[in-house]
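[1] For reference, the sequence and a predicted model appear below.
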Amino acid sequence: MEILVIGQQLGGRRSPLSLRRCASAPLVAKIMEDELENKPKILLVDDDDNTLELGRLVLSHDSYQISIASNGEEAISKANKEAFDLIILDYSMPSMSGLSVCKILKADPTTKDIPIILWTGHREIEIQITAYDLGVEHFITKPFNNSILRAQVKNALRKNGYNFMTTQEKIYIPKVFISYKWESDEHNDWVMKFAVDLRSAGIDASLDRWEVRYGDSFTDYMTSKLSEADVMLFIMTTESVAAVEASHEKGGAVKFEMQLATSRRIAGENFRIIPIYREGNKTAAHVKDHRYADFRDDTKYGNNIQLLISDLLESGSLAPPVGVRK
């Protein structure tokens, strides 16, 4: 008996089995099994069963091979016995923390090249810097956004050489330039934390405090980064808005950045300027009619950064499909 397999969906994509005649049902099952075996193997590690189940459920949409471990010791044991393409670790676990597990895995020649994502409820920059030094690829903040989790997993696998993209499905990694006025240490530290959260979500965010070294030209840096960026995030405060609207001599770097960004828009380039309200109520004339993201209330920071990340990763709310006219 011949079986016609049409439009099989694997992980939300049209499978190569779109239209294939198979000799029998067992052969169909064998082909599907072989394709599953070629899917990336991911190890989820967390001491919370609900988090493990939710992670497994979310990633099942992409048909990954998922294994789980409930503590650090079990994770190390499984990683030494099976070749995983990615490990997602909880930061806070009893007996052995995620950072301790990461340190052991990165010191072992057989597991050192496995990319690691750390999911955690902690937001301290010091923890993230330590983790990056140990080799962590990305951070995911708990409770995690489903779209961001899937996007970060794909980005980590892609960096590790796994190519599962088709012409119909491409992973979008936006290049983002952050424009802000140097003000107080508190404000500058907030901007750095904001940039760290974006990079942790798989967004290629540029920040001058990381990239401009002694002797480097700020003008060259701004010109180069803004010419290749897809988006400029303009951090709006009373001072930054005043600088943008001041004369060229008094406006400084922020005015120069806005002029470069605006010139790209005028030239018809596909380039976005997103105002980020941090303080005050004034809006720069250049972005007066732009939809903005409001970060003035720190108690809503977690929700607002998730919404912004979803928008930048092009995974925000989509319009419902158009129905068929009857």
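    Done, it's in.
[2] Just give me the neighbour total for the closest residue to Gly280 other than its chain neighbours.
    Sequence neighbours aside, Thr238 is the residue nearest to Gly280 in space, at 3.9 Å (criterion: CB to CB, 6 or more residues apart in numbering). All C-beta spots, glycine's among them, are computed from the backbone N, C-alpha and C. Residues lying near Thr238 (other CB atoms under 10 Å) number 14.
[3] and if you look at Asn50?
    Asn50: 8 surrounding residues under other CB under 10 Å.
[4] Cys76 contacts Lys103, correct?
    One correction, residue 76 is Ile, not Cys. No - using CB atoms under 8 Å, Ile76 makes no contact with Lys103, being 10.6 Å away.
[5] quick one, which of those two is more surrounded?
    For Ile76 versus Lys103, the count of surrounding residues by other CB under 10 Å is larger for Ile76: 19 against 16.
[6] Look up how far Asp108 lies from the more buried one.
    Distance, Ile76 to Asp108, using CB to CB, to the nearest Å: 8 Å.
[7] what are the ranges of the strands in the protein?
    3-6, 9-10, 13-14, 19-22, 41-45, 65-69, 86-90, 116-120, 138-141, 175-179, 204-206, 231-236, 272-277, 293-294 (DSSP state E).
[8] Out of the ones you listed, flag the one nearest Val287.
    strand 272-277 (4.6 Å; CB to CB).
[9] List of residues touching that closest one?
    By CB atoms under 8 Å, 6 or more residues apart in numbering, the surrounding residues in contact with strand 272-277 are 194, 230-236, 258, 261-262, 265, 283-284, 286-287, 290-296, 308.
[10] swap in stretch 294-312?
    Stretch 294-312 has contacts (CB under 8 Å, 6+ apart) with 141, 145, 147-148, 174, 176, 194, 197-198, 201, 203, 231, 274, 276-279, 293, 316.
[11] can you pull the alpha-carbon coordinates of it into PDB?
    Provided in PDB are the C-alpha atoms of stretch 294-312 (Å, rounded to 0.1, in the frame of the first residue of the first chain):
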ATOM      1  CA  ASP A 294       8.400  53.600  28.300                       C
ATOM      2  CA  PHE A 295      11.100  52.700  30.800                       C
ATOM      3  CA  ARG A 296      10.400  55.400  33.400                       C
ATOM      4  CA  ASP A 297       8.800  53.100  35.900                       C
ATOM      5  CA  ASP A 298      11.500  50.700  37.200                       C
ATOM      6  CA  THR A 299       8.900  48.400  38.700                       C
ATOM      7  CA  LYS A 300       7.800  47.500  35.200                       C
ATOM      8  CA  TYR A 301      11.300  47.100  33.800                       C
ATOM      9  CA  GLY A 302      11.100  43.300  33.400                       C
ATOM     10  CA  ASN A 303       7.900  43.400  31.400                       C
ATOM     11  CA  ASN A 304       9.000  46.300  29.200                       C
ATOM     12  CA  ILE A 305      12.400  44.900  28.300                       C
ATOM     13  CA  GLN A 306      10.700  41.600  27.300                       C
ATOM     14  CA  LEU A 307       8.300  43.500  25.000                       C
ATOM     15  CA  LEU A 308      11.100  45.500  23.500                       C
ATOM     16  CA  ILE A 309      13.200  42.400  22.900                       C
ATOM     17  CA  SER A 310      10.200  40.600  21.200                       C
ATOM     18  CA  ASP A 311       9.800  43.600  18.900                       C
ATOM     19  CA  LEU A 312      13.500  43.700  18.000                       C
END
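[12] what pairs with Ile68 across the strands?
    Ile68 has these beta-bridge partners by DSSP bridges: Leu44.
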